[in-house]
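1. My questions concern the predicted model and sequence given below.
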Amino acid sequence: MNPITLLDGGMGQELLRRSSRAITSLWSADIMLNEPNLVRDLHRDFISSGAQVITLNTYSATPQRLARANELAYMEELHQSAMNAAIAAIELAQRSDVLIAGCLPPLVASYRADVSPSFKESLSSYRQLVELQAPASDVFICETMSSITEATAACTAGLESGKPVWVALTVSDTEVGKLRGGESLSTAVNALENLGADAILLNCSQPEAISASWEQLRDSKAKFGAYANGFVSVAPLHPGGTVEELEARQDVSPQQYAEHALKWIRGGASIVGGCCEIGPAHIKAVHEKLVEEGFALSTKAPSEELGS
């Protein structure tokens, strides 16, 4: 079995608990400008919990989201601040085996393929994000992709950087084997394989929904894995809305989440972690379970090993 790579967990919800700032639709970007040390410290907490990859806190800092809030002028500053926070966290943790993942998220809204831009516009925007994040990124994660158009545009831009690209698709919590945009997971996996994605993951769906769609993922020729969320439902969230609209589940404790992750690993996953509502305690529980079960954890590797 391949060594396991352990990702970090969700940044936004955990930062929400640690900050006293008012919540906005660009809240995670706002904190990057006003409380960057909170971001740095959360990265460090994930590293201390066992995470081997931390993702830049730039999820809401896309051209489209910033333009909607009349904050496009801050895009470069936001990305630089996010890179500084990630680098500082690794330095403070005194860990040379931790990688930084660039973040290529939904450009307009999470879970809503119906409002995502065309392939041409998406590719142009993702190229901007890749250029901004490349100086600090060891790998790019295209995450919470709800449609094939969104996923292939992000993947294409990431691959142009010459760095490994992992694509994380978000699947329906109610329709097995379907992306949130309604397309077939199998079709999406095939499209990403043809593009040359280095890994294909499922993310920001309920753990049970990920497990239900697992057979369609494990047929992938690429590396595969998952990192779920801890929401009751994402249905209440609308474009431009805030995470206050979403409710956390009470039945996804760190130990319970670790059991889900272990199930995916036994099903062939080589990359696991957490998304929204999955904090440092959850990642620590996953790490402890992997050690207890005797799974080998990957170490920092050159780019070619990340993509192998």
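-> Sure thing, it's come through.
2. center of this structure - which residue?
-> The residue lying closest to the centre of the chain (Cα atoms, centre = their mean) is residue 143, at 4.7 Å.
3. pLDDT wise, what is that residue at?
-> We have a pLDDT of 98 for residue 143.
4. From residue 259, how far off is it?
-> According to Cβ to Cβ, to the nearest Å, residue 143 and residue 259 sit 23 Å apart. Just so you know, the C-beta spots here come from the backbone N, C-alpha and C atoms, and that holds for glycine as well.
5. just residue 51 next, same as before
-> Residue 51 is 19 Å from residue 259, by Cβ to Cβ.
6. The two: which has the busier surroundings?
-> For residue 51 and residue 259, the more surrounded residue by other Cβ atoms under 10 Å is residue 51, and the numbers stand at 28 against 13.
7. what's near enough to touch the nearest residue in space to that one that is not next to it in sequence?
-> Distance criterion Cβ to Cβ, 6 or more residues apart in numbering; nearest residue to residue 51, sequence neighbours excluded, is residue 8 at 4.1 Å. For residue 8, the contacting residues are 43, 46-47, 51, 53-55, 273-274, 283, by Cβ atoms under 8 Å, 6 or more residues apart in numbering.
8. Helices along the stretch 151-300 of the chain, start to end?
-> Ranges of helices within the stretch 151-300 of the chain are 185-195, 207-212, 214-218, 254-266, 280-293, based on DSSP state H, counting those that start in this stretch.
9. list the buried ones in the shortest one?
-> So the one you mean is helix 214-218. Buried positions in helix 214-218, judged by neighbour count with 16 or more other Cβ atoms under 10 Å: 214, 216-217.
10. Over to stretch 92-111?
-> Neighbour counts over stretch 92-111 (16+ other Cβ under 10 Å) mark 93, 98-111 as buried.
11. Return the distance of it from the chain's centre.
-> Its chain's C-alpha centre and that of stretch 92-111 lie 7 Å apart, by Cα atoms, centre = their mean, to the nearest Å.
12. With stretch 258-271 instead?
-> Averaged C-alpha coordinates place stretch 258-271 at 17 Å from its chain's average position (Cα atoms, centre = their mean).
13. swap in stretch 160-171?
-> On Cα atoms, centre = their mean, the centre of stretch 160-171 falls 10 Å from that of its chain.
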